[in-house]
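Visitor: let's see this in three dimensions:
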Amino acid sequence: MSLDEARRTVIALDRARLQAGRELRGLSQTALAREAGITAAAVSQFENGHSRPTPATLLKLSYALDLPLGYFARRHGHAAGQAPAAFFRSLRSTSAAERRRATALVGLVHELVHAVEQHVALPAPDVPVNKAARDDASIDRVAADARAHLGLDANGPIPDVVRAMERQGIVTARFRVEGHQMDAFSVDYLDRPVVVLGADKGHRDRSRFDAAHELGHLVLHHPDDAGSKEAETQAHKFAAAFLMPAESIRDDLPRRADWERLAGLKREWGVSIAALLKRAQTLGSMDPAAYTQAMKTLSARGWRKREPVDLGPAEQPVLLARALEVAEAHGVTLDDLAAEHGLPLHDLRKVLENSLDPRPRVEL
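Guide: Prediction:
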């Protein structure tokens, strides 16, 4: 990074990028000012557009944030304005700063997708939107319609939820926000939705439910619904109906906690025993008292954290990784994309580490 490059970047500076970079690093304005050797008031003025940094100051900010100068320039081909609000599962267990950092990370994924699409054609985003459904019956119908829209069997278990979503052009990633356990979340960008699944949730059954839950947000909700308890409840109901269609599973659900039977249903449907019990209670197969007792037993045996019956590793996103492979086969590497679009390469590798496998692949 040079002063000449900084001079060119200041001319094309996007003040929103300063804030995004700061949030990416999880820093307050005061902390960034301390790292860069400037005042917090100056950082505030840069971010709100009241003043511009000098080239020398922009260099200091770039070094303090460990971001390339190109990161701070206006993005051509991107819609102006803030990104839509993210749907977070656990608002109470995550701070506002943690959510901002996670949103900045998913913003990098979105920018990488935009960069890749200049070289590789991805499946067009095609989400079966229905923003009017609110009650249980209508959500069940919307879930059934979503299965049909995604080309899935109307009645049977879904083999791979993540793959089904990616075929509809929903980019999915799996990464950890350092130092924090973050549930799945999604951002419904205007051009293409992005879903993030937590890297620490390695249980296949729970991760499948997380993916279906985020699909529910994309189908049912507007960005203005983000953060509401009602939206989370509706997405949960959608996920249950999407993974366990009522007419297909109702007769198989036990009226009392039959653990052997529930273990078999878990293997068949790829959902947790806890989700099966809740579905049994919702569909009336199990009365509230029996459900409460079953959940108490689940807790007493330590199964709320780790259930019996291991379904294997969580489903892995492949769309972005395969797009990068195709781009590389045509002479455009991840390093090239990062340099061309001013994206921090080490951060991209971090968010992609659960999708990219450096080993040669055996093709059969």
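
Visitor: ok, Y71 - how many residues close by?
Guide: Applying other CB atoms under 10 Å, we find 24 residues neighbouring Y71. C-beta: built from backbone N, CA, C; applies to glycine.

Visitor: and the pLDDT at the closest residue to it other than its chain neighbours?
Guide: The shortest distance from Y71 to any non-neighbouring residue, by CB to CB, 6 or more residues apart in numbering, is to G342 (4.5 Å). Looking at G342, its pLDDT stands at 93.

Visitor: go on, the one 4 residues further on?
Guide: Reported pLDDT at H346 in the predicted model: 94.

Visitor: over to S93?
Guide: Note on S93: pLDDT of 60.

Visitor: with K131 instead?
Guide: 87.

Visitor: same check on Q181?
Guide: On pLDDT, Q181 comes in at 59.

Visitor: now S285
Guide: 96.

Visitor: report the contact partners of the closest residue to F185 other than its chain neighbours.
Guide: The shortest distance from F185 to any non-neighbouring residue, by CB to CB, 6+ apart, is to F88 (4.7 Å). By CB atoms under 8 Å, 6 or more residues apart in numbering, F88 lies in contact with T94, R99, A102, D183, F185, A226, G227.

Visitor: make it 10 Å
Guide: 94, 98-99, 102-103, 182-186, 226-227, 232 (CB atoms under 10 Å, 6 or more residues apart in numbering).

Visitor: PyMOL command to pick out the buried ones of those residues?
Guide: Buried residues among these (16 or more other CB atoms under 10 Å), as a PyMOL selection:
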select buried, resi 94+98+99+102+103+182+183+184+185+186+226+232
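
Visitor: out of the contacts of F88, which is nearest to V196?
Guide: F185 (5.6 Å; CB to CB).

Visitor: need phi/psi at A86.
Guide: A86 adopts backbone torsions of phi -90, psi 150, taken as degrees, to the nearest 10.

Visitor: look up how far D310 lies from it.
Guide: Counting by CB to CB, to the nearest Å, the separation of A86 from D310 is 31 Å.

Visitor: can you list the low-confidence ranges for the stretch 1-150 of the chain?
Guide: Low-confidence segments of the stretch 1-150 of the chain (pLDDT under 70): 76-82, 89-93.

Visitor: what segments of it are strands?
Guide: Counting by DSSP state E, counting those that start in this stretch, the stretch 1-150 of the chain has strands at residues 86-88.

Visitor: please apply the same query to the stretch 201-350 of the chain.
Guide: With DSSP E, counting those that start in this stretch as the definition, the stretch 201-350 of the chain shows no strands.

Visitor: buried stuff in the longest helix seen in the chain?
Guide: Identified as the longest helix of the chain according to DSSP state H is helix 96-116. Neighbour-count burial for helix 96-116, with 16+ other CB under 10 Å as criterion, is recorded at 98-116.

Visitor: same question for stretch 40-48.
Guide: Neighbour-count burial for stretch 40-48 [16+ other CB under 10 Å]: A42, V43, F46, E47.

Visitor: got a list of what the residue most central in space within the chain touches?
Guide: For the chain, the residue nearest the mean C-alpha position is V196 (1.7 Å; CA atoms, centre = their mean). Residues near V196 by CB under 10 Å, 6+ apart: 86, 102-103, 105-106, 109, 171-175, 177, 182-187, 210, 214, 317, 351.

Visitor: tell me the pLDDT of it.
Guide: 91.
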